[in-house]
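Participant: Quick check, what structure comes out for this input:
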Amino acid sequence: MSSIAVIGGGPMGLAVAYELCLQGHTPVLLEADDRLGGMAASFNFEGLQLERYYHFHCLNDHAFFEVLEELGLSDQLSWRQTTMGFFFNNRLYPWGSVSGVLSFRHLPLLTRFRYLLHAARCLTIRNWRELDSITATTWLRKWLGERGYQLLWHKLFAFKFFQFSDQISAAWIWSRVRRLGQSRKKLKETLGFLQGGSQQLVDALETSIRHNGGEIRCNSPVQAIRPSPQGGAMLQTPNGVQHFDQVISTVPLPLVAPMLEAGGSDPELVSEYSSQPSVACACVVLQTDRAITGNFWTNVNDDRFAIPGVIEMSNLRPLSPHVSYVPFYIPADHPDYQRNNQAFIDDAWNCLKAINPDLQDEHRLASHCSRYRFAQPVCRINFQSTLPPLEPYPGVITADTTVYYPEDRGISESIDYGRSLARRVLAHAAAAMP
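Facilitator: Just a heads-up that it's a prediction; the model follows:
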């Protein structure tokens, strides 16, 4: 039986290892962090096991539902109708519904109708490749006009992609609008959550992998990938060097670059990985003794705050005290990203107080800031043609969340791709056997 290594213990890596175990193999999963989960990993927040970065589930997350059924967790998935807000001109407006959009008088009535028509059109588009050659900002301007784009979308792009704002593919934004549009029952947004958060899924996958003979090594960063002439590679970790017949990496592509470089790969190949742009994230989590708004998601258009939105997790998953996430997406080389955590926490708190003027400092109970260097890949036009090869060497696979573009990073998408990837690798290996 082939020896198989899986690099990365996020949702995709866990899904790969899980599927390999179901197919009778015993992979070794190598995770650099001290815990599993990747961006879905949890931390102890004042006694509450909470995700470092927010997650929610949609009605069309079928791969997620399937794995929950297999793990016996289907009864732990709950649904709630959620609402959305829009903070503009120092006032909170309802958003995300037909009535909310039509009542927003800061835009001409025709622009409001065009916004709704655009959202509906996103649900009917099937061939996304037609959108892949134009930028999202061009596409949105065409639908909404300059005034509509500036008010509704400009700051969301500017505060998430900075200098990359005008390079993002229209196919990428289409997939995000469509996913939420498909998660509606009777025109009302309906989102899901696990009773125990994402940690419940991570724990169940870990248990299944170990039970079926898989090995999990945390605190085991891969320092070098040295391809073998016969296929597979030698992997170097702080614990030594080991050969594997198959290597499946699921970590962000830019992180693969130093592994390949240390293993002696051609500089041109290494550059294909290192040149993949990403935006970092400093994500503030705040605990308060009351809700900020009644919304799950509030878009922010305010010159005082470089914040695209506020996510009140407690308005989806019943958490007490009230939990809110405030993400700051900033390129890692930007001066603002070098600020300390407290600066981000202060900005986030000031934003919440602007949204809810009744909020006082004594209402804040706890705060935390997590950072992730490769949080958001920059998906530019004709994006797939810019990606490095999926299999740079025989028996060495390098995949991350960009492989299922135009879909954005998601637990269900990562599970679906990870499981299908594991099956393809095994089928290919079997076909190659004499």
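Participant: Tell me how this protein divides into domains.
Facilitator: 4-55+197-276+386-432, 95-186, 277-377 (automatic domain parsing).
Participant: wouldn't Ser314 be in contact with Phe296 here?
Facilitator: No - assessed by CB atoms under 8 Å, Ser314 is found out of contact with Phe296, at 9.1 Å. For every residue, glycine as well, the C-beta is placed using N, CA and C.
Participant: Between the two, point out the one with more neighbours.
Facilitator: Phe296 (24 against 18; other CB atoms under 10 Å).
Participant: Return the distance of that one relative to Val310.
Facilitator: Distance of Phe296 to Val310, computed by CB to CB, to the nearest Å: 10 Å.
Participant: With Leu235 instead?
Facilitator: 41 Å.
Participant: for Cys21, same thing?
Facilitator: In terms of CB to CB, Cys21 sits 39 Å off from Val310.
Participant: Tell me which of these two has more neighbours.
Facilitator: More crowded of Cys21 and Val310, by other CB under 10 Å: Val310, with 26 against 21.
Participant: secondary structure class for Arg419?
Facilitator: Applying DSSP: H, G, I helix; E, B strand; the rest coil to Arg419 yields a three-state assignment of helix.
Participant: start at 35 instead
Facilitator: Noted, 35 is the first residue going forward, which turns the last one into Arg453.
Participant: if I pick it, what's in contact with it?
Facilitator: If you count contacts by CB atoms under 8 Å, 6 or more residues apart in numbering, Arg453 has them with Ala49, Val50, Tyr52, Glu53, Ala97, Val101.
Participant: Could you export those as TSV, including pLDDT?
Facilitator: Formatted as TSV, those follow (pLDDT from 0 to 100):
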residue	pLDDT
Ala49	98
Val50	98
Tyr52	98
Glu53	98
Ala97	98
Val101	98
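Participant: And those, which is closest to Phe121?
Facilitator: For those, the residue nearest Phe121 by CB to CB is Ala97; the value is 33.9 Å.
Participant: quick one: that closest one and Ser446 touch, right?
Facilitator: Yes - using CB under 8 Å, Ala97 is in contact with Ser446, at 4.9 Å.
Participant: circling back: quick one: which of the contacts of Arg453 sit in strands?
Facilitator: Among the contacts of Arg453, the subset assigned to strands under DSSP state E is empty.
Participant: With respect to Ile259, which of those is nearest?
Facilitator: Out of those, the member with the shortest distance to Ile259 (by CB to CB) is Val50, at 16.2 Å.
Participant: Tell me, how many residues neighbour that closest one?
Facilitator: 32.
Participant: residues contacting it?
Facilitator: Contacts for Val50 were tallied using CB under 8 Å, 6+ apart; they are Val40, Pro61, Ile282, Thr284, Gly452, Arg453, Leu455, Ala456.
Participant: and what of Asn335?
Facilitator: Applying CB under 8 Å, 6+ apart to Asn335 gives the contacts Phe120, Phe121, Phe122, Leu185, Leu186, Lys189.
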